[in-house]
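Peer 1: Got a sequence here, can you build the structure:
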Amino acid sequence: MLYKPEEVAVQLRISRTKVYALLRSGAIRSVKIDGCRRISATALVEYVAQLEGRAA
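Peer 2: Next comes the predicted model:
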């Protein structure tokens with residue numbers, strides 16, 4: 001249900017640093033749980049859909 005930034009990096013095949021940059025810019029939504037950043041599956045799907053929309 002919630003992924004660590006490192007797990008998102010593996011799924012998207014990008015670096016962990018790039019994931020954190022996307023989080024900072026607001027491109028990928030996330031939540032914070034006791035100082036730990038987590039990304040929902042829905043936020044990840046929305047980000048990919050947004051990328052696909054730009055490519056079309």
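
Peer 1: which SS state does E6 fall under?
Peer 2: Classification of E6 by DSSP: H, G, I helix; E, B strand; the rest coil places it in helix.

Peer 1: right, and it touches R16 too?
Peer 2: Yes. In this structure, E6 is within contact of R16 by Cβ atoms under 8 Å, at 5.5 Å. (Glycine included, C-beta is placed from N, CA and C.)

Peer 1: What residues of whatever helix or strand Y20 lives in count as buried?
Peer 2: Element membership of Y20 [criterion: DSSP states H and E] is helix 16-25. With burial defined by 16 or more other Cβ atoms under 10 Å, the residues of helix 16-25 counted as buried are V19, Y20, L22, L23.

Peer 1: Quick one: mean pLDDT for it?
Peer 2: Averaged over helix 16-25, pLDDT sits at 98.

Peer 1: residue ranges with poor pLDDT in the chain?
Peer 2: 56 (pLDDT under 70).

Peer 1: again, only using 90
Peer 2: Where the chain drops to pLDDT under 90, the residues are 54-56.

Peer 1: Would you tell me which strand is longest in it?
Peer 2: strand 36-40 (DSSP state E).

Peer 1: now that strand against helix 16-25, angle please.
Peer 2: Regarding strand 36-40 and helix 16-25, their directions subtend 80 degrees when assessed with axes from the mean of the first three to the mean of the last three Cα atoms, to 10 degrees.

Peer 1: could you give the angle of the host helix or strand of A43 to helix 16-25?
Peer 2: Of the helices and strands defined by DSSP H and E, A43 is found in helix 41-55. Computed with the same axes, to 10 degrees, the direction of helix 41-55 lies at 90 degrees from that of helix 16-25.
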